[in-house]
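Asks: pasting a predicted model and its sequence here:
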Amino acid sequence: MSEDFLMLYIFMLAAFTGYEIIARVPVILHTPLMSGSNFVHGIVLVGAMVALGHADTTLGKTIGFIGVLLGAGNAAGGYVVTERMLEMFKSSRKPEGGK
């Protein structure tokens, strides 16, 4: 039972730390930081899958599944935001004089 509490403690500590770090980033920097940190989301997802694979109890499996779900959503969302950011820099005009 103490292993479940340890996993829950680590999950809550990671959530709190992530919230505190992101809350201190100015709004204008969120999009560029997302494109630079997509690899971190992948590492978090792999870590959550490892934790889920080592879980023995129902509580451990539930926490691991939530971690995988949130990690996958975070990684996918990071790529969506990056794609939207890159679309802003594309020209909407057609080049003049092109044959």
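Replies: On my side now, so go ahead.

Asks: could you point out the helix or strand that follows the helix or strand where G47 lies?
Replies: Secondary-structure assignment from DSSP states H and E places G47 in helix 38-54. From helix 38-54 onward toward the C-terminus, using DSSP H and E, the following helix or strand is helix 58-88.

Asks: in that following helix, which residues are buried?
Replies: 60, 63-64, 67-68, 70-72, 74-75, 78, 81-82 (16 or more other CB atoms under 10 Å). The C-beta positions use only the backbone N, C-alpha and C, and glycine is treated the same way.

Asks: now the spatially most central residue of the chain: closest residue in space that isn't a chain neighbour?
Replies: By CA atoms, centre = their mean, the chain has its centre lying nearest to N74, at 3.0 Å. Distances taken as CB to CB, 6 or more residues apart in numbering place H41 nearest to N74, at 4.8 Å, with adjacent residues excluded.

Asks: what's the neighbour count on that neighbour?
Replies: Burial measure for H41: 20 neighbouring residues, criterion other CB atoms under 10 Å.

Asks: give the contact list for it.
Replies: When contacts are counted by CB atoms under 8 Å, 6 or more residues apart in numbering, H41 is found next to 71, 74-75, 78.

Asks: which other helices and strands contact the helix or strand harbouring Y19?
Replies: Per DSSP H and E, Y19 falls inside helix 2-23. Applying 3 or more CB pairs under 8 Å, 6 or more residues apart in numbering; DSSP states H and E, we find helix 2-23 packed against helix 58-88.
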